[in-house]
Structure formats: structure tokens, C-alpha cells
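Peer 1: Sequence isn't available, so here's the structure alone:
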């Protein structure tokens with residue numbers, strides 16, 4: 001890679017990582033007490049993708065280990081935000097769905113996040129945000145999980 005392209009890559013990833021850190025920091029401050037970003041992310045996923053998911057499907061969707069997802073799901077179940085049941089077709093698996101309390105917690109979190117997100121969109125401008133989204137999506141998909149060899 002040329003020096004110029006290397007510098008561009010370093011700048012790109014430095015900005016992405018810095019933005020990620022700042023978003024996580026600001027989100028952590030406005031989420032309801034006791035809710036972590038990982039909890040909100042799983043509730044958001046289950047709410048948007050109606051129906052049930054297995055822990056393995058969730059782990060794959062978030063590119064985390066099954067153990068890490070199990071930890072998050074245990075905390076969400078303890079809080080009453082999800083229901084976990086055996087898979088009727090395969091007793092070795094479990095299925096996860098968001099509970100009514102989880103829907104309320106998700107809505108509360110969205111209401112807490114909305115002013116922060118709205119402020120950012122207002123300062124950047126809606127058109128610039130819309131123009132940036134396809135680039136960020138493509139970056140995410142190209143940087144997706146690395147498949148084991």
C-alpha cells in the first residue's frame with residue numbers, strides 16, 4: 001500500500017474509532033439506569049426483527065461469542081426484558097423473544113437517546129446524514145466478521 005493510501009486508511013479508521021468511542025460514551029450516559037449498550041442493542045434487534053431468535057443467531061448478528069451473548073441474555077432475562085424458552089423442534093436450543101417489559105424499556109431508551117441523536121442530525125444536516133449512511137453501511141459490511149479459514 002502506498003504511503004498516501006496508508007495515511008488515508010489510518011485517518012479513516014482513527015475517525016471511525018473515535019466516533020465509536022464518543023457515541024458509546026454519550027449513549028451510556030443517557031440510557032436508563034442499569035441498561036448497558038449491549039442490552040439496548042439486543043432489545044433493539046429483537047424489537048426490529050419481530051419474532052424469536054436463538055442465542056447463536058444473536059451472537060452471529062452481533063459478532064460476539066456465544067458466551068458473551070449468553071451473559072447479556074442472562075442479564076436481560078433477570079431484568080424481565082426477554083423471555084427465553086426451549087426450542088420445541090430441537091430441545092438443545094433455546095429461543096429468545098422480547099417481553100412487554102423489554103418493549104417498554106426499549107421505548108424508554110429510545111426516548112432518552114432521541115434528543116442526543118436529533119441534536120447531531122440537526123447540526124450535521126439531514127441531507128449529509130442521509131448521504132453518509134450508505135458509505136457507513138458499506139464500510140460495515142466490508143469489515144464484517146472474518147470467517148475462520
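Peer 2: Cool, the structure landed. Keep in mind it's a predicted model, so treat the numbers as computed, not measured.

Peer 1: by contact count, what packs against the top helix by length along the chain?
Peer 2: Secondary structure of the chain per DSSP state H: the longest helix is helix 3-30. For helix 3-30, the elements it packs on are helix 37-48, helix 100-124, judged by 3 or more CB pairs under 8 Å, 6 or more residues apart in numbering; DSSP states H and E. From N, CA and C alone the C-beta is placed, and that goes for glycine too.

Peer 1: a markdown table for those helices, including mean neighbour count, distance to residue 89 and mean pLDDT?
Peer 2: A markdown table is the format used below for the helices and strands packed on helix 3-30 (neighbours: other CB atoms under 10 Å; distance: least, CB to CB, whole Å; pLDDT from 0 to 100):
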| stretch | mean neighbour count | distance to residue 89 | mean pLDDT |
| --- | --- | --- | --- |
| helix 37-48 | 18 | 20 | 94 |
| helix 100-124 | 14 | 24 | 94 |
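
Peer 1: Any chance of a markdown table for those, columns distance to residue 81?
Peer 2: What follows is the helices and strands packed on helix 3-30, written out as a markdown table (distance: least, CB to CB, whole Å):
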| stretch | distance to residue 81 |
| --- | --- |
| helix 37-48 | 6 |
| helix 100-124 | 3 |
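
Peer 1: Of these, which is nearest residue 77?
Peer 2: Among the helices and strands packed on helix 3-30, helix 100-124 comes nearest to residue 77, with 9.6 Å by CB to CB.

Peer 1: For the strand or helix carrying residue 76, list every residue counted as buried.
Peer 2: Per DSSP states H and E: residue 76 is located in helix 66-78. Residues 69-70, 72-73, 75-76 are the ones in helix 66-78 that count as buried (16 or more other CB atoms under 10 Å).

Peer 1: If you count contacts, what does it end up packed against?
Peer 2: Using 3+ CB pairs under 8 Å, 6+ apart: helix 66-78 touches helix 37-48, helix 55-62, strand 82-86.
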